[in-house]
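# pasting a predicted model and its sequence here:
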Amino acid sequence: MKIILLGAPGSGKGTLAKKISKDFDIPQISTGDLFRAIVKEDSELASKVREIMQSGGLVPDEVTIEIVKERIAKDDCKKGFILDGFPRTVNQAKALEGISQIDTVILVDLANEIIIDRLSARRTCPNCGEIYSVQDNLENVCKKCNSPLIQRDDDKPETIRHRLEVYEQNTSPLINFYSDRIFKVSSAGSPEETYSPVKTFLSEMEGKVE
Ligand SMILES: [Zn+2]
């Protein structure tokens with residue numbers, strides 16, 4: 001089963017990807033992880049990516065597509081894969097169609113106000129990186145290392161609002177592009193409540209795909 005996951009930052013997309021990956025035994029492929037892995041390799045493609053990243057530039061579509069193409073050709077993708085963070089643009093989506101036929105696109109849907117509430121409640125330990133929720137840590141001190149907690153800039157409401165706008169601008173053309181294959185699920189409930197309809201849907205699809 002070849003799956004694309006779409007969802008805003010803070011929508012719970014990562015948690016959902018892990019559950020799917022485990023139950024259906026297919027790898028979760030995020031382009032961020034791929035970039036971090038490839039720059040450690042010794043190949044022409046690797047030195048190209050290193051150069052681009054060191055110059056602070058964006059990795060161009062054709063390079064990203066090449067990297068994804070190599071990754072999904074590996075043995076562990078024989079049963080399928082979950083793409084997370086790719087494609088980001090319709091151009092990338094069109095190129096992906098030329099490489100692999102995507103079965104379904106899962107859209108994790110959550111109202112912006114809930115995302116802002118959830119993310120702006122996050123507090124981070126600047127020393128060890130542990131993450132807490134304001135409600136669960138009234139002392140505002142890390143339980144592991146006793147450092148005072150901070151709110152990261154990324155978790156401030158105005159920053160979150162901006163990230164959500166960027167996400168919407170990028171994603172709505174993709175939703176149109178994949179309109180025949182979208183499975184929309186709300187993540188307003190618990191992670192289990194979000195996963196349950198997805199699991200049912202994918203289990204039914206698994207029989208048809210293979
Ligand atoms: Zn800490």
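In hand now; what should we look at?
# residues in contact with residue 82?
Residues in contact with residue 82 (C-beta atoms under 8 Å, 6 or more residues apart in numbering) are 3-5, 17, 20-21, 26-29. (C-beta placed from N, C-alpha, C; glycine too.)
# any stretches of the chain with poor pLDDT?
Low-confidence segments of the chain (pLDDT under 70): 209-210.
# give me every residue in it lying close to the ion.
125, 127-128, 130, 142, 144-145, 147 (C-beta under 5 Å from the ion).
# from these, which would you call buried?
125, 142 (16 or more other C-beta atoms under 10 Å).
# reformat the residues of the chain next to the ion as TSV; add secondary structure and distance to residue 196.
As requested, the residues of the chain next to the ion are exported to TSV (DSSP: H, G, I helix; E, B strand; the rest coil; distance: C-beta to C-beta, whole Å):
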residue	secondary structure	distance to residue 196
125	coil	33
127	coil	37
128	coil	34
130	coil	29
142	coil	34
144	coil	33
145	coil	37
147	coil	38
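# scan the contacts of residue 82 and report the most crowded one.
residue 3 (26 neighbours; other C-beta atoms under 10 Å).
# what pairs with that residue across the strands?
As for beta bridges, residue 3 partners with residue 82, residue 104 under DSSP bridges.
# burial of residue 191, as a residue count?
13.
# I figured it hits residue 17, correct?
No. At 11.2 Å, residue 191 and residue 17 do not qualify as touching, with contact defined as C-beta atoms under 8 Å.
# before we move on, back to that, of the contacts of residue 82, which belong to strands?
Applying DSSP state E to the contacts of residue 82, the entries found in strands are 3-5, 28-29.
# what sits up against stretch 118-132?
With contacts defined as C-beta under 8 Å, 6+ apart, stretch 118-132 is touched by 9-10, 133-135, 137, 140, 142-145, 147, 149-152, 154-157, 160.
# can you tell me which of those residues end up in helices?
157, 160 (DSSP state H).
# put the buried members of the contacts of stretch 118-132 into a PyMOL selection.
To isolate the buried members of the contacts of stretch 118-132 in PyMOL, using 16+ other C-beta under 10 Å:
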select buried, resi 10+137+142+149+151+155+160
